[in-house]
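[1] Need the 3D shape of this:
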Amino acid sequence: MGVTSVLLLKAQNGPLALQQFHTKMTEIFACRTPERWVIATKLYFDTKISSDSETIKKQLYTILYININRLYVLSEDCIVETETEMDAIISSLKNLWQHRPHTSRFEGNAYSVGDFIVRVANPTIVHSYRGMLVEVEYLPTVHPHVAIPLLREFIDMIITPNSEVVKWEPTVEDTYSKVGLSEEVFTRTHTSYQYIRLFKAENLLLS
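    The predicted model follows:
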């Protein structure tokens, strides 16, 4: 595991963006046959209603990486890595958490390019298309301050100029440490937090 940057590429050509990106990676960057990349996300609402506002108070997010068989759970100011069996346990707690009607599933490919891995995925529900997810991982280090400049440079190489790109990055006010994560050593849990922050910002789980 290295350091990642997760972004949403709002391509104007819709779901066809995945095939066009595949062509670029295989023909221009000479990538070998890619691996499949699949993630599934769920949004749960707290079933307890505030007596004052009559609105749901809390949300819980899960993100499951099919390829590595790991589940990550975010609730308020805590994110944890757990076994995939936890997904069924959370789903069974209907007196505590109400699940959204459908699971948002994103499927695509993972490409190896030197010291980088590029993972791209589209939502399987086409009518909810908001853009293509792109995750770029720099493998040689787990230290964000070393990897981030190299990630930005590489992303500029693979993304078409003038593309509309949305991503979450930590700021002085909004840091990894807010959810108990290290600012110095990167893990897959950090990547999951990037995804969830992006999903929340773009309402990807509310369509």
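
[2] Only C-alpha atoms from now on, for both contacts and neighbour counts.
    Will do.

[3] Could you write out the alpha-carbon coordinates of stretch 168-179 in CSV?
    C-alpha atoms of stretch 168-179 as CSV (Å, rounded to 0.1, in the frame of the first residue of the first chain):
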residue,chain,number,x,y,z
TRP,A,168,-11.1,16.0,-1.4
GLU,A,169,-7.7,16.8,0.1
PRO,A,170,-7.0,17.5,3.8
THR,A,171,-6.7,21.2,4.8
VAL,A,172,-5.7,22.9,8.0
GLU,A,173,-9.3,22.8,9.3
ASP,A,174,-10.2,19.4,7.8
THR,A,175,-7.6,16.8,8.5
TYR,A,176,-7.2,13.0,8.7
SER,A,177,-6.6,13.3,12.4
LYS,A,178,-10.3,14.4,12.9
VAL,A,179,-11.2,10.8,12.4
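
[4] Can you give the distance from it to the centre of its chain?
    Per CA atoms, centre = their mean, to the nearest Å, the displacement of stretch 168-179 from the mean C-alpha position of its chain is 16 Å.

[5] Show residues contacting it.
    Residues outside stretch 168-179 that contact it (CA atoms under 8 Å, 6 or more residues apart in numbering) are Val6, Leu7, Asp77, Cys78, Ile79, Ser182, Glu183, His190, Gln194, Arg197, Leu198.

[6] Flag every buried residue along it.
    Trp168, Tyr176, Val179 (16 or more other CA atoms under 10 Å).

[7] would you turn those residues into a markdown table with secondary structure, pLDDT and distance to Lys58?
    A markdown table is the format used below for the buried residues of stretch 168-179 (DSSP: H, G, I helix; E, B strand; the rest coil; pLDDT from 0 to 100; distance: CA to CA, whole Å):
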| residue | secondary structure | pLDDT | distance to Lys58 |
| --- | --- | --- | --- |
| Trp168 | coil | 88 | 21 |
| Tyr176 | helix | 94 | 20 |
| Val179 | helix | 92 | 15 |
